[in-house]
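>>> sequence below, structure please.
(chains A and B)
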Number of protein chains: 2
Amino acid sequence: MTTLETMGEKAKAAARQLGACSGADRNRALEAMADALMERLAELLAANRRDVERAELSGMAPAMVDRLRLTEERVRGMAQGIRDTRGLADPVGEVVEGRRLENGLRISKVRVPMGVIGIIYEARPNVTSDAAALCLKAGSAVILRGGKEAFESNVAVTRAMQAGLRAAGLPSDAVQLVEDTSRETATQMMRLNRYIDLLIPRGGAGLIRTVVENATVPVIQTGVGNCHIYVDESADPSMAAAITVNAKASRPSVCNAAETLLIHRTAAPRMLPAIAAGLREKQVRLRCCGRAAALLPDIETEPASEEDWGTEYLDYILAVRVVDSLEEAMEHIARYGTGHSECIVTESYENAEKFTAGVDAAAVYVNASTRFTDGGVFGLGAEIGISTQKLHARGPMGLRELTTVKFIVNGSGQIR
Amino acid sequence: MTTLETMGEKAKAAARQLGACSGADRNRALEAMADALMERLAELLAANRRDVERAELSGMAPAMVDRLRLTEERVRGMAQGIRDTRGLADPVGEVVEGRRLENGLRISKVRVPMGVIGIIYEARPNVTSDAAALCLKAGSAVILRGGKEAFESNVAVTRAMQAGLRAAGLPSDAVQLVEDTSRETATQMMRLNRYIDLLIPRGGAGLIRTVVENATVPVIQTGVGNCHIYVDESADPSMAAAITVNAKASRPSVCNAAETLLIHRTAAPRMLPAIAAGLREKQVRLRCCGRAAALLPDIETEPASEEDWGTEYLDYILAVRVVDSLEEAMEHIARYGTGHSECIVTESYENAEKFTAGVDAAAVYVNASTRFTDGGVFGLGAEIGISTQKLHARGPMGLRELTTVKFIVNGSGQIR
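Just a heads-up that it's a prediction; the model follows:
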């Protein structure tokens, strides 16, 4: 048996125990986990310091090092995150629907825990506690596989959470960390069908692609967002500028940030200069098609290539393309979009209807920034990721999306 | 571009057109498809005759040949099936939930078509029309890949349906059949991520395993049912016999039929002889553990091996095992079950609660035959398969499970 199979077996056993727990039991464990994180603050910070030092020595970019770094405030935030999760409504046990058949059989469709959830993620150590808390709240055991950069931090966070589980009388195997961060263990995890019920990769496009290519366990793709703002002929010019600047520049590193501006050819001469000026004020670089560049003689632009249309920059860069029609904009989105968040800025009822009906994405906006695609904003209370596929969950995923259902059928001897 | 990529591109385009259709448009097409099947009856029967002759020459088992054979009555049944699907409520457009945020944004979660659905199936030609009708009703285009045994029948059925689509003014590419039935095209189809949103294999355990092992597109596993009846200490003896005989012998070839009887050691001496007699009356062969065989000295039994516990016979064979406790029965089910349908026969409230809470399966029964796990019985109106996995759909899958959702967000210039 490989190490991962052993972990899988332990996780399955823990999941069975969790299934027999009440929501109050799980809440007690979450409270104890939050407490344990704070009690072990010094240990966590020391472990994290070793990760940060190694990262700096290896020449990691400062922005990445910052994502890796824990401070007392950040650990306090992680503990608070666990407590916030504890406070959410319990998704387990909800009777989703039910009926009584003519023959007297009573059928209920009931929300039950998924079982064992795998999470593969990259550098940030706070994902370790966030993901574990959400899975536990949803009644499932979790196998975490974080990036090697945050390894010592992840080990320390996991041990604290396991101590919390033990203190609350729950199996500590409900939260496990894969301690071998080689590529092989990641691949093994993707094929652990006997033990893993759901695998969620959280990270960049490369990670997601690798998981989709290699996994045989059920996967939910998350987070790759090549999002577009389409400024229609009839758009309100100041709204178009405000939405574009906000969607690109309010936080470029997140998946709901816009990556391409599409603008109707009759709107472009009237609106593009002001939009571009707003973007330049925020230090956004513009990669423009020929027609767009021609309308911006006074602004420094770079020529866009085919590759730009398909790139999720996650940076202060925006691709800009002039299109001849709403239909051309929608075709561009169908071709290059990743099904995350897409926006039309328009005053035309007809075009708003066409866009919302015809664009195939998790979230389609009329006259609002794509930056709103978020579990908190959408009222889910918490978010484990944003699904960009169509099965099981689409868009922001909360606790409910971490559960499954089961039909319970009560009879009195009925046969068919 | 491979043939399959071309088909995928056409299917995507057809799906986009379907997305712009109303439910009434799709219903008109379903009506025309049913009509076209009957208009082409002679052609269908002739094509099927060629398949049947080839099958007989190749020595196919008579039961299989029977599943392959079309008669006027069966074609009429297929046409009626399409009309029944037409009569179901339209799943597309349902507003699943929604809210208005404090900032005025209106968020609606709306049911929308999946896009392109792939179905890989085995011999029966009626699946061709059933599956196509359900996908079309749910607003999606479908790529069908049937077994080579039914090839000519499938071509004829598909052409009839395409004629119906054209007659109703809908794109005939909404229903396409993969005409190359080699293993390679099946594998290509499993990796057609750019075009296929959901792949559903319908067939035996071997097919399902191949798809799960090889697919990179999202898959829903269906239909493998190693179902158990557990007769508890407190079971009503006549109910135990009636349920066991019904679950095994009313239709052994289907996935909700029982394959193993587990019986509590104190119930076994009192109940097993009568249950076994009832099964033998229906020509069911019994594969027994040592303790069970010892209780049936007057009945012909065969010894069960480890392999029997994991086998879905789909035949007049039942494995029988005496267990020491409810817990042992539940462990047996956790180990060998496929998560389809599991039943406890008991008069104990406590054990019924433990079993329904602790058994991890799509449908868990108390005192009723597993044979009820069915889309029609569960009130879904139609069934594309029975999901034995936990993502997106679990248990019988109807039209709703063939759709996805999308968030539509209407604003008036909100930024974050």
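>>> so for residue A:169, what's the nearest residue that isn't a sequence neighbour?
Spatial nearest neighbour of residue A:169, chain neighbours left out: residue A:25 (7.6 Å); criterion: CB to CB, 6 or more residues apart in numbering or on different chains. The C-beta positions use only the backbone N, C-alpha and C, and glycine is treated the same way.
>>> residue A:413 too?
residue B:239 (4.3 Å).
>>> what residues does the helix or strand that that neighbour is a member of touch?
Element membership of residue B:239, judged by DSSP states H and E, is helix B:237-249. Helix B:237-249 has contacts (CB atoms under 8 Å, 6 or more residues apart in numbering or on different chains) with A:413, A:415-416, B:227, B:229, B:231, B:257-259, B:261, B:267, B:270-271, B:274-275, B:278-279, B:281-284, B:316, B:318, B:343, B:345, B:367-371.
>>> now these: which count as buried?
Neighbour counting over the contacts of helix B:237-249 (16 or more other CB atoms under 10 Å in any protein chain shown) leaves A:413, A:415-416, B:227, B:229, B:231, B:257-259, B:261, B:267, B:271, B:275, B:278-279, B:284, B:318, B:343, B:345, B:367-371 as the buried ones.
>>> which ones among these map onto strands?
A:413, B:227, B:229, B:231, B:258-259, B:261, B:318, B:343, B:345, B:367-368 (DSSP state E).
>>> tell me the one among the residues you listed nearest to residue A:326.
Distance to residue A:326 across these (CB to CB) is lowest for residue B:227, with 52.6 Å.
>>> touching, that closest one and residue B:257? I think so.
Yes - contact criterion CB atoms under 8 Å: residue B:227 and residue B:257 qualify, at 6.7 Å.
>>> mutual contacts of the two, please.
With CB under 8 Å, 6+ apart, residue B:227 and residue B:257 have common neighbours B:247, B:370.
>>> how many residues are close by the residue in the stretch 101-250 of chain A that chain B sits nearest to?
Nearest residue of the stretch 101-250 of chain A to chain B, counting by CB to the nearest CB: residue A:246, 3.6 Å away. Residue A:246 has 24 neighbours, counted by other CB atoms under 10 Å in any protein chain shown.
>>> rewinding a little: can you redo the ones in strands among the buried ones among the contacts of helix B:237-249 as a markdown table with pLDDT?
A markdown table is the format used below for those (pLDDT from 0 to 100):
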| residue | pLDDT |
| --- | --- |
| A:413 | 97 |
| B:227 | 98 |
| B:229 | 98 |
| B:231 | 98 |
| B:258 | 98 |
| B:259 | 98 |
| B:261 | 98 |
| B:318 | 98 |
| B:343 | 98 |
| B:345 | 98 |
| B:367 | 98 |
| B:368 | 98 |
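>>> show me which pair in those is furthest apart.
Farthest apart among these by CB to CB are A:413 and B:259. That separation is 20.9 Å.
>>> quick one on the thing from earlier: what's around the residue nearest to residue A:413, how many residues?
Residues near residue B:239, counting by other CB under 10 Å, number 21.
>>> now do it against residue B:222, distance only.
To residue B:222, residue B:239 is 30 Å away according to CB to CB, to the nearest Å.
>>> in the stretch 251-400 of chain A, which residue sits nearest chain B?
Nearest residue of the stretch 251-400 of chain A to chain B (CB to the nearest CB) works out as residue A:368 at 2.9 Å.
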